[in-house]
Each structure stands twice: as C-alpha cells, then as structure tokens.
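with the input below, show me the fold.
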Amino acid sequence: METRVGHPSGVHQPRRRMIRANAVCRVVPAVLGAGYAVGTWGAEHRGLMLLVAGVMAITAVLAYAAAPRLSQSRCWMGIQLVGAGVSLSGSALLGVLDGAVHGPLGALVPLTVVFLAIVLPPRAFLTMATYAMATYAIVVVFSEPSPDGYPMVHALGFGGAAALCLRHAMVLASLRRRLADTSRTDPLTGCLNRRGFDELVAAELSEAERSGSRASLVLLDLDHFKDVNDSHGHRAGDELLAWAGHVLRTEVSVHGGVARIGGDEFALLLTDTDADAAGVVVDRLREQLRPCAPASLGFATYPQDARDATALAGVADRRLYADKAARDRRAPCADAVAQARTRIGQLGPAATVSTRERRRHSIADPGWMSMAQTCVALLYVLLFTAGHPYRVGMVAICGWGFVSGLAVVLGADWLSRSRLARPIMLAFAVSSFLSCASIAVLDGGVHGPLGVGMLLSIPLLMLGMRPNVAAPVAGVAAVFYLGVAVFVGEPGFWYVAINVLGTAAASVACAVQGRAAARQRRLLTRLSRVDVLTDALNRRGFAERFAGQLDLARRHGTGAALLVLDLDGFKQLNDTAGHAAGDELLRWVAGTLRGNLQAHDIVGRLGGDEFVVLVEADGAEDTADRLQRALAERTGASFGVALLGLDGDDFDGLYAAADARLYRQKVERRGGRSRELSAPA
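I've put the predicted structure just below:
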C-alpha cells in the first residue's frame, strides 16, 4: 500500500478563495458609488460620497491582498463579516447621501445582499441579511418619500433573488460534498477507496504528530479469496467482499476508517490507539470475519513502530505475511459463502449521486424565481394600484408568470431527462422577460417599482446555466430593459446605468462561481467513477457507461458484447513479490487493454485482478483472443464473452454468462485439475 501525505496548506485554500471572492464583490458597490459621485460632481454631498466609496474600496482591496494570511487565522470568518458590514453600511450611507431610496444608489444595499448570497456560507449570510434589512430601513427612513410600494418591491424582490442564489449555491455545495464522498468510496463495499484512505492517513498522522497521540494501521486480506471466485463465481466473491467491508465498518465505526485497497485487501486506521489496544481490535476483527471470510492481519502503531505512512505500511505488511505463514489458512466453504451473500443482500444498495441532480435544480430554479417575482408583483398590484387603468392586465400577467413557473418546477425532473429541455427553457426565459417587460411598461417604466423585475433573474440564470446558454439570455433581458427605459417614462441615465452595471457585475460573479463549481464537480465526478490505481472505470463508472451504451445499441439496433477477464496466479504474485508489484502489473494490464481496443470500447476494473470490457458484438471472440495474446507478454489471463440479446439483456445477465465461460476456460487451461495457474512474470 502506498500512502501519501498531503500538504497542510491545502486546508486554507477554500478559505482564501472565499475571502478573495468576498473582497471582489465588495468592490462593486464602491466603484458604482464612486463613479456616480464623480459623474454628478456638482450635486450635494459628492465629496463625502466619494470618501465613503473610497473607504469601502480600500477595505476590500486590503482584504484581497491579505487573503493568504487571513485564511490561516481563527478569526477569518469574523473578519469576513466585518468587511461585509462595512460594505453594507457604506452602501446605506451612499443611498442616504443621494437623498432617495428610489434614486440610482438606493439599490446598492439589496444588490450587496445578492453578492453576499453568492460568497458567504448560509449562517454567515443570514447574519448579514438581518443587518442588511436594518441598513435598508435606514435608507428608507432618512430619504425623501418614494413611490408607493417601491421599498417593499425592491426589498422582497432582491431578497427573493438572494435567497434563491443562496439555495442554488447550497444545493451545488451539497452535491459537491456528496460527490467528494463518493470519489473516496469503494462502490462495492462502501469502504474508503485507496485515494480516500491516503487522505485519511495523511490527516490523522499530521494530527497525531501535532498532538502527540497514537494511531495504528491495520492491513488484512482474506484467506484464499481467489478460490471463492473460481469455485462460486465473481458475483459470489463480490458479495463476500461487501459482507467483509460491512463487518469491518461496523467494528470500526467511530474511531478510525476502513478502506478496500485492493481485490481482497483491506486497510484500517485506528485513531488514539496504542499497540495493546490495536492488538485487541485485531483479535476481535479476526473472530468477526472467521465464520464467512477468515483473514490474515498485521498492524503497526505510530510512533512506536514507525513515524510515517509508508514505513507503517511496511511494518504492518510484514506482520500480515507472518500471520499468514503461521496459520492454517483455508478457503470459505460453500455454506459460509452462502451465509455472507444472504446477509449482505439484506442491507440494500449503496447510496449514489444522480447524474441529473444538478440539471434538475438548474431547471427548477428559474421556475421558482418566476413564481417569487410574480407573487411580489401581485402583492404590489393588490396593495398599491387601486384605480390603476391597467390593473386587470397586470394581474393577468402575474397569473401567467406564476403558472408557467409552477409548470417548470413540477416538470423539472422530466425536463432533466428530455432532449427538449434547452428549447423549452429558452422559450420559458423569453416568456418570463416579456412578461416582466410588459408589466413594467404598464406600471410606468423601469423607474417604477416593478421595473427591477426585468433584471433580478439574470444572476440566478448565470449561476445555474452554462455560460454559452445563459449569456445570450442575459443579453436579451438587458435589451428588453434598455428598450423599456428608452421608450417608456424618464428613468434618467444614472438610474439605468447603475442598475444595469450592478446586475452585470452580479451576473459575472455568479458565472465565475458557477464555472468554478462546475469544474470542481466534473473533477469529482470523474474521480468517483475512475479506479484510482489503474485509471480504468471503476464499478460505478462502468455501470453508468454500460447502461448508456446499452441504450444506444438498442436504439440503433447494433450488437454489444461483454468481456470478463481475470489474471492467472495474481494472488501468488502479491504473496511472493509484494503488493507493489501487483499494483504495477494491474496498471500495465489496464494500459495494455486500452492500447489494443477501439476508442469507443469501454474498460473497467471491478476489483482485484478482475477487468470487464464492453465491445461491439462483431468479432468479440477475436477481440478476446487478441487481448489474451497481448497480455501474455507478462501474465496469463482467462476470458469469458457474453453477447447482448443472446446471453442476456442487462449487465447482470451478461456478467453471469461471461463469468461462467471464464471459469470454464480456466478449468480447461488447468487441464481439469484444481492446481493454481502459474503466476505472472
């Protein structure tokens, strides 16, 4: 087992990014306020406004420059909140100095709330949102009277937009966390995979070194597990491994972690455990596994046996082989295998992360936004437009916006699976913007209370949609807004400019956050579906690709074949040359398989020395022969081939047929005897 120690500075990188994102967002209201003060210099209080904007900008720039140092401070979140408070206070003061909550700078406080929803975690955001309500109330109270309903519409509208941005960011963060957990988990046993265990060992040894505590590393592998695969089939072997993983996780559920680091090889890290306590745990694990999956175990304790992960693994590995040599090892009997298979079948499938989850939320969020906007608009119409000549039309537009938004929310799951999702969502976006433009026109133009509705949904779209789709939609919305501003009412240049530029800045910030989240999500998705050791697809990734290719083959009427193979004598290689030699061979096998297949063929490693390949049905037997000859350079391999339709219509059926043929080939190559095939060179 190769264990790598991570660099401690990586812990502070997410904090550093958050601090800098917060600082950049806080610069925006400062720049808008300064630009407005300079552009209207002859008016009252412009010098003081420029000073306030300067203070806001300087605090943001200093926070950006000091981000590396602040990220290492225990008070980093408190400093974040203080900076956000400075930005909100300055925005409120600029609005008061400008004299009107319905003036160009009156929207700076609610706009800042949208920025904070993007860059702050939920609890911190709620704190600052409460403070923002107080500062906005100050602007309303100390400014000249505004049009009826204007403060209410802006507070609720921007608040709803911020809440939906925060909700979307929380959903994406939850998805990334679960993907990260999945990328560190073995899909068969539910234990950590090699990558996840490496990270756990690095973190725990670093903590043990800092605090002076102890930790023990336990290695184990199951006795004669290869005989289970050869006698009962790989399906039975998989279920036995899943049972063993469940037993180990149950026994080490609190203080430590369990990983499957190879075919039948597991590793455990026991925290706050000295050598005596580790010996007790090892004896208990041996007894728990004995009925169905007897195992050989070895352990090493930090710092008594070694002071780094690699040395600990070496000591534990030597003790494991000493234990293996000292015991009378026997393969599990048929009754024991059947008992383990029955027990693991009662546990149910492992949790997974749906590949459509992000898309479903991204589709539903514009629907929620439309519903929220129309509810705010309807409240305004009912409370403040008595006697308005177009009141009935405004109510009808609100009704249409709510119904269409509700339809999108209810149909989000279907749309996430449909090819019509993009045209339908584009049509919905155009309909929403036309509705917002129409109601703004009826209300007197963009300077009226409902004019802001034309811009509020743009940041959310940029956060959830791909830039190549969201950018044209945002451009259309901006054109609608400018068209209404030019032809309806007299909003004034600075009012239009501040609103458009502020929305554009928020949209860019959302797009940047969305793209960063997408990159991280793609990386985690790949890691959760790729075998850490060989870079082939793991069980989870192969199952997903297999389902997609199977659907494609059925639609186009083409054939497909599943090849199952395992290496001859691989267990002997691990036992004689060590696990490092076995790992190197597995990497070579995966590369050789890929090098001798077509680009569209799929290679996966299900575990241990077992690989699967999905190829075209035509020439599948020839492909298996070619791969067998290519692998013969270093190792023998047994193959089984199953054809879609002839041997089964799903993965389970094809796998069972191919596995049975693999075993028959193995018996034939042994000459009908039970002797082990020769180990790889």
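
domains for the protein, by residue range?
Domains of the chain are assigned by automatic domain parsing as 184-345, 355-529, 539-669.

quick one: low-confidence residue ranges for the stretch 351-500 of the chain.
Scanning the stretch 351-500 of the chain for pLDDT under 70 picks out the ranges 351-357.

got it, and the stretch 501-650 of the chain?
Along the stretch 501-650 of the chain, the model assigns pLDDT under 70 to no residue.

the strands in it, which residues?
For the stretch 501-650 of the chain, strands defined by DSSP state E, counting those that start in this stretch occupy the ranges 561-567, 602-607, 610-615, 637-643.

quick one: closest of those strands to L593.
strand 602-607 (5.0 Å; C-beta to C-beta). The way it works is simple: take the backbone N, C-alpha and C, and place the C-beta from them, glycine included.

what segments of the protein are strands?
Taking DSSP state E as the test, the strands found in the chain are 215-222, 256-260, 265-271, 295-302, 561-567, 602-607, 610-615, 637-643.

and the first one, what other elements does it pack with?
When you say that, I think you mean strand 215-222. Counting contacts by 3 or more C-beta pairs under 8 Å, 6 or more residues apart in numbering; DSSP states H and E, strand 215-222 packs against helix 194-211, helix 234-251, strand 265-271, helix 275-289, strand 295-302, helix 309-326.

distance to A124 and mean pLDDT for those - can I get that in CSV?
Converted to CSV, the helices and strands packed on strand 215-222 look like this (distance: least, C-beta to C-beta, whole Å; pLDDT from 0 to 100):
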stretch, distance to A124, mean pLDDT
helix 194-211, 25, 86
helix 234-251, 34, 83
strand 265-271, 31, 90
helix 275-289, 40, 89
strand 295-302, 37, 91
helix 309-326, 36, 87
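
longest helix anywhere in the protein?
Ranked by residue count and defined by DSSP state H, the top helix of the chain is helix 493-529.

what is that helix packed up against?
Packing partners of helix 493-529 (3+ C-beta pairs under 8 Å, 6+ apart): helix 13-39, helix 108-119, helix 150-183, helix 453-464, helix 467-487, helix 539-556.

which one of those lies closest to G405?
Across the helices and strands packed on helix 493-529, G405 has its closest neighbour in helix 453-464 (10.2 Å, C-beta to C-beta).

burial measure for the nearest residue to G648 once chain neighbours are set aside, as a count.
Of all residues not flanking G648 in the chain, L654 sits nearest, at 4.4 Å (C-beta to C-beta, 6 or more residues apart in numbering). If you count neighbours by other C-beta atoms under 10 Å, L654 ends up with 28.

rewinding a little: looking at the strands of the stretch 501-650 of the chain, which is nearest to I458?
Nearest to I458 among the strands of the stretch 501-650 of the chain is strand 602-607; the distance by C-beta to C-beta comes to 40.5 Å.

that closest one relative to helix 539-556, how many degrees between them?
Angle of strand 602-607 versus helix 539-556, following axes from the mean of the first three to the mean of the last three C-alpha atoms, to 10 degrees, is 140 degrees.

can you check the pLDDT for the spatially most central residue of the chain?
Nearest to the mean C-alpha position of the chain, by C-alpha atoms, centre = their mean, lies R176 at 2.1 Å. For R176, the pLDDT comes out at 70.

that one against A518, yeah?
No: R176 lies out of contact with A518 (C-beta atoms under 8 Å); the separation is 10.0 Å.

ok, which stretches of the stretch 301-450 of the chain are helices?
Counting by DSSP state H, counting those that start in this stretch, the segments of the stretch 301-450 of the chain that form helices are 309-326, 334-345, 357-384, 391-410, 412-417, 421-443.

so which of these is the most packed in?
Neighbour counts (mean count of other C-beta atoms under 10 Å) averaged over each of the helices of the stretch 301-450 of the chain peak at helix 357-384, with a mean of 22.

that one versus helix 391-410: what angle between them?
160 degrees.

re the thing from before, out of the strands of the stretch 501-650 of the chain, which comes closest to L240?
Proximity to L240 (C-beta to C-beta) singles out strand 602-607 among the strands of the stretch 501-650 of the chain, at 11.4 Å.

buried set for the closest one?
Within strand 602-607, the residues scored as buried using 16 or more other C-beta atoms under 10 Å are I602, V603, G604, R605, L606, G607.

and what of stretch 128-138?
Buried residues in stretch 128-138 (16+ other C-beta under 10 Å): M128, A129, Y131, A132, T135, Y136, I138.

can you redo these as JSON lines with distance to G399 and pLDDT?
As requested, the buried residues of stretch 128-138 are exported to JSON lines (distance: C-beta to C-beta, whole Å; pLDDT from 0 to 100):
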{"residue": "M128", "distance to G399": "34", "pLDDT": "93"}
{"residue": "A129", "distance to G399": "30", "pLDDT": "93"}
{"residue": "Y131", "distance to G399": "36", "pLDDT": "95"}
{"residue": "A132", "distance to G399": "31", "pLDDT": "94"}
{"residue": "T135", "distance to G399": "34", "pLDDT": "94"}
{"residue": "Y136", "distance to G399": "29", "pLDDT": "94"}
{"residue": "I138", "distance to G399": "36", "pLDDT": "93"}
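
may I see those arranged in JSON lines, with distance to I118 as well?
Shown next, in JSON lines, are the buried residues of stretch 128-138 (distance: C-beta to C-beta, whole Å):
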{"residue": "M128", "distance to I118": "12"}
{"residue": "A129", "distance to I118": "13"}
{"residue": "Y131", "distance to I118": "17"}
{"residue": "A132", "distance to I118": "14"}
{"residue": "T135", "distance to I118": "19"}
{"residue": "Y136", "distance to I118": "19"}
{"residue": "I138", "distance to I118": "24"}
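
looking at those, which is nearest F546?
A129 (46.6 Å).

what sits against the closest one?
Contacts here follow C-beta atoms under 8 Å, 6 or more residues apart in numbering; on that basis A129 touches V113, L116, G159, A162.

from what I can see P147 touches P449, true?
Yes: between P147 and P449 there is a contact at 6.1 Å, judged by C-beta under 8 Å.

okay, these two: which has more neighbours?
Neighbours per residue, other C-beta under 10 Å: of P147 and P449, the larger number sits with P449, 26 against 15.

relative to M425, how far out is L434?
15 Å (C-beta to C-beta, to the nearest Å).

mind checking which of the helices of the stretch 301-450 of the chain is nearest R167?
Comparison of the helices of the stretch 301-450 of the chain against R167 by C-beta to C-beta identifies helix 357-384 as nearest, at 7.6 Å.

so what does the closest one touch, helix or strand wise?
Short answer (3+ C-beta pairs under 8 Å, 6+ apart): helix 357-384 packs on helix 150-183, helix 391-410, helix 412-417, helix 421-443, helix 453-464.

can you tell which of the helices of the stretch 301-450 of the chain is closest to Q628?
Closest approach to Q628 among the helices of the stretch 301-450 of the chain is made by helix 334-345 (28.4 Å; C-beta to C-beta).

what average pLDDT does that closest one get?
Here the average pLDDT along helix 334-345 is 67.

repeat that for stretch 51-62.
95.

so which bits of it are buried?
Quick answer for stretch 51-62 (16+ other C-beta under 10 Å): V52, A53, M56, A57, T59, A60.

tell me which of the helices of the stretch 301-450 of the chain sits nearest to A293.
Nearest to A293 among the helices of the stretch 301-450 of the chain is helix 334-345 (6.5 Å), distances taken as C-beta to C-beta.

which residues does V24 contact?
By C-beta under 8 Å, 6+ apart, the contact list for V24 reads A60, Y64, A509.

how confident was the prediction at it?
Confidence score, pLDDT, at V24: 91.

over to P349?
We have a pLDDT of 49 for P349.

and if you look at G6?
G6 is given a pLDDT of 37.

does V395 really touch T385, like I thought?
No: under the criterion of C-beta under 8 Å, V395 makes no contact with T385, lying 9.2 Å away.

save the buried residues of stretch 51-62 as JSON lines, and put in distance to C292 too.
Putting the buried residues of stretch 51-62 into JSON lines (distance: C-beta to C-beta, whole Å) gives the following:
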{"residue": "V52", "distance to C292": "72"}
{"residue": "A53", "distance to C292": "71"}
{"residue": "M56", "distance to C292": "67"}
{"residue": "A57", "distance to C292": "67"}
{"residue": "T59", "distance to C292": "64"}
{"residue": "A60", "distance to C292": "62"}
